[in-house]
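[1] need a structure here:
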Amino acid sequence: MAPNQVDTPRTKKVFVKTWGCQMNVYDSTRMQDALEGDGYTPTADIEDADLVLLNTCHIREKAAEKVYSHLGRIRQLKDRRADTERPLTVGVTGCVAQAEGEEIIRREKAVDLVVGPQTYHQLPNIVAKALSDGPQVETEYSVEDKFEHMPLATKKQVRSRGVTAFLTVQEGCDKFCTFCVVPYTRGAEVSRPHAQIIEEAHSLVDAGVQEITLLGQNVNAWHGGGPDGNDMRLGQLLYDLAEINGLNRLRYVTSHPKDMDDGLIQAHRDLDCLMPYLHLPVQSGSDSILKAMNRSHTAQDYVEIIDKVRMARPDVAISGDMIVGFPGETDEDFEATMEIVRRTNYAQCYSFKYSMRPGTPGAEMENQVDEAVKDARLARLQALLRQQQTAFNEACVGKTIDVLLEKPGRDANQLIGRSPWLQSVVIPSHCGHIGDIVSVEITHSLTNSLSAQPAGACN
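    Modelled structure (predicted):
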């Protein structure tokens with residue numbers, strides 16, 4: 001080393017792979033934020049990482065096996081780095097981590113830490129303990145408020161992620177649908193304090209965020225004490241967020257029909273910044289299947305909610321989730337699902353075959369539906385849903401709408417934004433900048449996007 005030269009430590013890098021819902025995306029960013037305070041910077045190149053985290057989801061079929069398969073490939077990278085100056089540390093986080101716990105360490109020796117969703121605020125300490133003391137498993141539900149212990153993202157961190165952001169306001173689920181593992185991996189419903197939410201929203205907007213999507217396993221179950229000490233629900237929280245200067249758009253996902261109260265519906269009527277888009281899963285159109293699923297509502301309850309929302313906000317787009325082939329589902333039950341789809345007329349809807357989740361009541365039920373029957377029903381359902389989505393997109397052609405520009409397009413002369421109904425919209429790049437909200441006329445409807453031209457002269 002030359003005289004007076006300072007030997008500065010090399011920057012550590014963390015690579016995070018995320019599966020699953022928007023809340024996992026949010027959790028991944030918060031984990032990166034927490035680790036950055038401990039000297040780690042994010043990298044998109046796994047070969048360049050000192051720490052690899054797999055943030056997992058347990059909703060889809062064979063989720064755990066997919067994680068183990070990925071870990072097998074990472075083990076090869078870890079083995080190559082074992083005797084170098086940069087050994088690799090490997091962690092599994094998220095819902096598979098919560099469900100599998102120590103079994104992950106037992107099955108895959110490459111893993112150094114297993115961290116459940118409720119202990120992310122302890123991640124820097126857990127990584128340090130894994131490096132000094134060996135493999136760590138932290139999946140206990142903490143009585144601490146993890147958000148209170150996680151630092152807000154810096155302006156630099158927020159700006160690097162764009163002009164839209166997720167903000168978790170509620171976690172866990174008390175509904176115990178018989179097909180779902182969420183209550184077992186995310187725990188009971190917990191609402192984040194009002195003051196914390198408002199503080200984080202202000203920090204996001206101050207850093208340039210224009211659209212915030214509120215997240216929760218049952219986001220519309222959120223409740224908390226407001227500034228006056230009185231209990232409030234999600235609708236009132238939306239009114240409070242709408243008062244933040246510079247916050248131009250609000251969204252929220254995912255909702256449960258049981259918690260879709262009149263105050264929330266009124267917010268759709270009153271708040272221009274609350275986008276006319278509602279994701280409200282029903283899962284089945286059959287009352288007998290809904291009862292077997294423990295959904296706590298009927299098909300008619302769901303239809304009446306949709307009617308109320310459309311009366312309050314006529315331009316609203318409805319999105320949903322559907323499961324076909326739940327145990328005991330007959331042809332008549334499936335036809336009831338097709339009927340509620342026709343009645344609702346979705347702008348978008350996610351549809352899946354039922355698959356058993358170990359530890360859930362559905363996995364123990366008799367009358368499991370044959371896979372070939374599930375396949376045939378899903379094909380019919382998805383064909384109808386594609387027709388509805390195509391019709392909704394085609395109905396947008398000729399409309400003048402406001403689009404928030406989010407990122408460059410595939411071509412240098414394009415920018416991509418989002419419509420109020422969450423569709424991707426492609427416009428000429430000379431007609432705005434990322435972060436602008438521009439008025440455009442929709443000219444073409446494509447399979448997964450819309451094309452548009454400026455409604456007026458470009459600046």
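[2] where exactly do the strands run in the stretch 201-350 of the chain?
    Along the stretch 201-350 of the chain, counting by DSSP state E, counting those that start in this stretch, strands occupy 211-215, 223-225, 231-233, 249-253, 277-279, 317-324, 348-353.
[3] between those, which gets the lowest average pLDDT?
    Per-stretch mean pLDDT for these is lowest at strand 223-225 (a mean of 89).
[4] picking that back up, the strands of the stretch 201-350 of the chain into TSV, with extra columns for distance to residue 47 and mean neighbour count?
    All C-beta spots, glycine's among them, are computed from the backbone N, C-alpha and C. Below are those laid out as TSV (distance: least, Cβ to Cβ, whole Å; neighbours: other Cβ atoms under 10 Å):
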stretch	distance to residue 47	mean neighbour count
strand 211-215	31	22
strand 223-225	44	16
strand 231-233	47	16
strand 249-253	34	23
strand 277-279	37	23
strand 317-324	37	22
strand 348-353	34	18
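[5] Reformat those strands as TSV; add distance to residue 177.
    Shown next, in TSV, are the strands of the stretch 201-350 of the chain (distance: least, Cβ to Cβ, whole Å):
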stretch	distance to residue 177
strand 211-215	19
strand 223-225	20
strand 231-233	22
strand 249-253	17
strand 277-279	16
strand 317-324	10
strand 348-353	13
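[6] who wins for proximity to residue 105 among these?
    strand 211-215 (29.3 Å; Cβ to Cβ).
[7] what sits up against the closest one?
    The contact list for strand 211-215 (Cβ atoms under 8 Å, 6 or more residues apart in numbering) reads 22-23, 26, 163-170, 197, 201, 204-205, 222, 234, 237-238, 241, 247-253, 404, 418.
[8] Just the buried ones out of the residues you listed, please.
    22-23, 26, 163-170, 197, 201, 204-205, 222, 234, 237-238, 241, 247-253, 404, 418 (16 or more other Cβ atoms under 10 Å).
[9] lowest confidence element among the helices and strands of this structure?
    Least confident helix or strand, the chain: helix 146-149 with a mean of 68, by mean pLDDT, DSSP states H and E.
[10] mind listing what's buried in the helix or strand following that one?
    Counting by DSSP states H and E, the element after helix 146-149 in chain order, helix or strand, is helix 155-159. Residues of helix 155-159 classed as buried by neighbour count (16+ other Cβ under 10 Å): 157, 158.
[11] Mind checking what secondary structure residue 69 has?
    Three-state call for residue 69 (DSSP: H, G, I helix; E, B strand; the rest coil): helix.
[12] how near is it to residue 260?
    Distance, residue 69 to residue 260, using Cβ to Cβ, to the nearest Å: 39 Å.
[13] Among these two, which residue is more densely surrounded?
    Regarding residue 69 and residue 260, a neighbour count based on other Cβ atoms under 10 Å identifies residue 260 as having more, with 23 against 10.
[14] Could you pull up the residues touching the closest residue to the more buried one other than its chain neighbours?
    Spatial nearest neighbour of residue 260, chain neighbours left out: residue 305 (5.0 Å); criterion: Cβ to Cβ, 6 or more residues apart in numbering. Contact partners of residue 305, counting by Cβ under 8 Å, 6+ apart, are 257, 260, 265, 280.
[15] quick one: low-confidence parts of the stretch 101-250 of the chain?
    Across the stretch 101-250 of the chain, the ranges flagged by pLDDT under 70 are 141-146, 149-151.
[16] quick one: the helices in it?
    Per DSSP state H, counting those that start in this stretch, the stretch 101-250 of the chain carries helices over the ranges 102-107, 123-133, 146-149, 155-159, 182-185, 194-206, 234-242.
[17] Tell me which other helices or strands the last one touches.
    Counting contacts by 3 or more Cβ pairs under 8 Å, 6 or more residues apart in numbering; DSSP states H and E, the secondary-structure elements packed against helix 234-242 are helix 194-206, strand 211-215, strand 249-253, helix 262-270.
[18] just to revisit the earlier point, which one of the contacts of residue 305 is nearest to residue 51?
    For the contacts of residue 305, the minimum distance to residue 51 (Cβ to Cβ) is 38.2 Å, reached by residue 280.
[19] Please tell me how far the spatially closest residue to that closest one that is not a sequence neighbour sits from residue 138.
    In space, and not counting its chain neighbours, residue 280 is closest to residue 255: 5.2 Å by Cβ to Cβ, 6+ apart. In this view, residue 255 and residue 138 are 30 Å apart by Cβ to Cβ.
[20] dump the residue contacts of the closest residue to residue 313 other than its chain neighbours.
    Excluding the flanking residues, the one nearest residue 313 by Cβ to Cβ, 6+ apart is residue 268, at 4.3 Å. By Cβ under 8 Å, 6+ apart, residue 268 lies in contact with 274, 276, 278, 309, 312, 313, 316.
[21] In helices only, show me those.
    In helices, defined here by DSSP state H, the members of the contacts of residue 268 are 309, 312.
[22] so which of the contacts of residue 268 is the most crowded?
    Using other Cβ under 10 Å as the neighbour test, the contacts of residue 268 are led by residue 278, with 26 neighbours.
[23] what's next to the top helix by length along the chain, contact-wise?
    The longest helix of the chain (DSSP H) is helix 371-395. Contacts with helix 371-395, where a contact means Cβ under 8 Å, 6+ apart, come from 317, 322, 324-325, 329, 334, 337-338, 341-342, 345-349, 351-354, 421, 423, 445-446, 450.
[24] Next, the angle strand 348-353 makes with that helix.
    Interaxial angle of helix 371-395 relative to strand 348-353 (axes from the mean of the first three to the mean of the last three Cα atoms, to 10 degrees): 170 degrees.
[25] what distance separates the following helix or strand past helix 371-395 from the centre of its chain?
    Counting by DSSP H and E, the next helix or strand C-terminal to helix 371-395 is strand 400-408. Distance of strand 400-408 from its chain centroid, counting by Cα atoms, centre = their mean, to the nearest Å, is 21 Å.
[26] Many thanks, we can stop here.
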